[in-house]
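Novice: Provided below are the primary sequence and the corresponding predicted coordinates.
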Amino acid sequence: MSAILAIDTASEWFAVGVDRGGEPEVAVAEAIRTHTTGLLTAIEALLRGERPAGIIVVTGPGSYAGLRVGIATAQGLSLATGAPLYGVRTFEAVVLAAGDRGETVTAVHPAGRGEFGLQRWAGGKPAGDIVLSSELPAGELLAGEGAGAMGGIEIGPRERATAVLRRLAPAARQGRLETGAEPYYLREPAITISRRQRAAG
């Protein structure tokens with residue numbers, strides 16, 4: 001059975017997984033912010049020399065640097081192996097992991113600076129725009145990172161990667177997903193022009 005690879009670097013911990021037609025095999029980073037040093041090693045260990053038949057990468061929102069590493073790695077592997085590349089938004093992965101509960105779910109993800117990205121979903125589809133907020137809404141079913149502290153469903157990178165493989169790997173294997181992986185950021189990256197560039201300008 002052909003392997004489908006999933007890469008999720010939207011959080012401080014990354015997760016990678018492989019689906020070969022059975023229960024997905026998922027590995028999570030042992031330490032935070034090790035995307036640049038540990039991601040390829042984890043992928044190599046899971047694939048065990050096998051070429052993936054498809055690659056699914058979480059495209060955000062999430063950590064700016066983490067997403068860049070994950071998406072660039074997925075693009076490089078796709079180019080090297082010829083495997084088609086598919087992108088999935090973080091909130092969709094959260095909702096897939098939360099399961100069909102027959103009610104509106106507000107997907108949440110940390111956005112830094114004490115804020116969260118939020119998006120309401122109903123019936124497995126977005127029911128509102130993505131917004132930034134410093135507070136999680138009360139009285140709503142929350143799912144995602146940080147939701148557990150508010151009585152919601154705590155969903156981290158392991159759960160997202162597992163759900164993406166369980167729900168999307170069959171469609172990826174059959175080529176029924178839209179190809180491409182464009183990053184989605186909640187705000188512009190906090191990158192400034194260097195002093196040397198400012199002086200030269």
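Specialist: Structure's in. What do you need?
Novice: Find the nearest non-adjacent residue to the residue positioned nearest the centre of the chain, please.
Specialist: Nearest to the mean C-alpha position of the chain, by Cα atoms, centre = their mean, lies residue 58 at 3.0 Å. Take residue 58 and drop its neighbours on the chain: the residue closest to it by Cβ to Cβ, 6 or more residues apart in numbering is residue 8, 4.2 Å away. Just so you know, the C-beta spots here come from the backbone N, C-alpha and C atoms, and that holds for glycine as well.
Novice: Spit out the contact partners of residue 105.
Specialist: Contacts for residue 105 (Cβ atoms under 8 Å, 6 or more residues apart in numbering) come out as 95, 98, 120-122, 141-143.
Novice: pLDDT weak spots in this structure?
Specialist: 1, 189-201 (pLDDT under 70).
Novice: domain ranges for it?
Specialist: 4-89+157-173, 91-154 (automatic domain parsing).
Novice: now those in a markdown table, with distance to residue 183?
Specialist: Below are those laid out as a markdown table (distance: least, Cβ to Cβ, whole Å):
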| stretch | distance to residue 183 |
| --- | --- |
| domain 4-89+157-173 | 5 |
| domain 91-154 | 14 |
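Novice: Let me know which of those is tucked in deepest.
Specialist: Stretch with highest mean neighbour count among the domains of the chain: domain 4-89+157-173 (a mean of 20; mean count of other Cβ atoms under 10 Å).
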